[in-house]
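Undergrad: mind looking at a prediction? Sequence and model below.
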Amino acid sequence: MEPMEEVGALTAEIVRFVRAFGLHRPDDTPCGAGVSVSEAHALAVLATAPPMTQGKLAAELCLTKSTISRLVDQLDERRWITVGTSDTDRRCRILSLTPVGQAAAAELGTRRRERMAGLLDAIPTDRRADVIDALALLSEAARAST
């Protein structure tokens with residue numbers, strides 16, 4: 001396959017996956033929860049880490065300052081997080097999950113695991129490691145090419 005054909009094939013397969021998996025629907029997660037993908041990712045990060053700064057969450061999610069500010073506001077409106085300030089830097093916002101946020105994160109985690117198990121079940125057993133390796137390689141290439 002020629003390089004331009006490879007680019008076209010990669011593009012087509014990524015678009016096909018995004019649509020099939022539901023990543024093009026910004027207001028629902030691929031597991032069908034009525035939560036934005038960004039909100040779901042933020043909950044997952046905050047559920048596995050101690051309270052963190054807004055800047056750290058932005059870095060973890062690869063989001064800009066303005067986007068993370070809107071996201072934090074949405075999470076706060078849902079009462080899923082508390083927003084405090086650092087003792088050492090009053091400009092620094094510290095985020096942590098509320099009990100309601102912890103429950104939402106747990107529910108989303110369960111739904112995510114169920115969706116991934118179903119996806120994995122549809123892949124032949126002898127090809128699963130190849131698929132996981134290919135996704136890891138694609139993720140590394142995406143990070144390196146930005």
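TA: In hand now; what should we look at?
Undergrad: and the next element down the chain from the longest helix along the chain?
TA: Taking DSSP state H as the criterion, the chain has its longest helix at helix 99-121. Downstream of helix 99-121, the next assigned helix or strand under DSSP states H and E is helix 128-144.
Undergrad: give me the distance from that following helix to the chain's centre.
TA: How far helix 128-144 lies from its chain's middle: 16 Å, per CA atoms, centre = their mean, to the nearest Å.
Undergrad: check which helices and strands the longest helix of the chain is in contact with.
TA: Other helices and strands packing on helix 99-121, by 3 or more CB pairs under 8 Å, 6 or more residues apart in numbering; DSSP states H and E, are helix 37-47. Every residue, glycine included, has its C-beta placed from N, CA and C.
Undergrad: what's the angle between the helix it packs on and helix 99-121?
TA: Interaxial angle, helix 37-47 versus helix 99-121 (axes from the mean of the first three to the mean of the last three CA atoms, to 10 degrees): 110 degrees.
Undergrad: show me what the following helix or strand past helix 37-47 is packed against.
TA: Next along the chain after helix 37-47, taking DSSP H and E as the criterion, comes strand 52-53. In terms of contacts (3+ CB pairs under 8 Å, 6+ apart), strand 52-53 is packed against strand 93-97.
Undergrad: run the last query once more with 10 Å
TA: helix 54-61, strand 93-97 (3 or more CB pairs under 10 Å, 6 or more residues apart in numbering; DSSP states H and E).
Undergrad: give me the residues contacting the last one.
TA: Contacts of strand 93-97 from elsewhere in the structure, counted by CB atoms under 10 Å, 6 or more residues apart in numbering, are 42-43, 45-47, 49-57, 68-69, 72, 75-76, 80-87, 101-106.
Undergrad: ok, now which ones touch the spatially most central residue of the chain?
TA: Here the mean C-alpha position of the chain is nearest to the C-alpha of residue 41 (CA atoms, centre = their mean), at a distance of 3.5 Å. Residue 41 makes contacts with 29, 35, 57, 60, 61, 62, 63, 71, 108, as judged by CB under 10 Å, 6+ apart.
Undergrad: hmm, the first one is touching residue 109, no?
TA: Pointing back at residue 29 there. No - if you go by CB atoms under 10 Å, residue 29 and residue 109 don't touch, sitting 11.1 Å apart.
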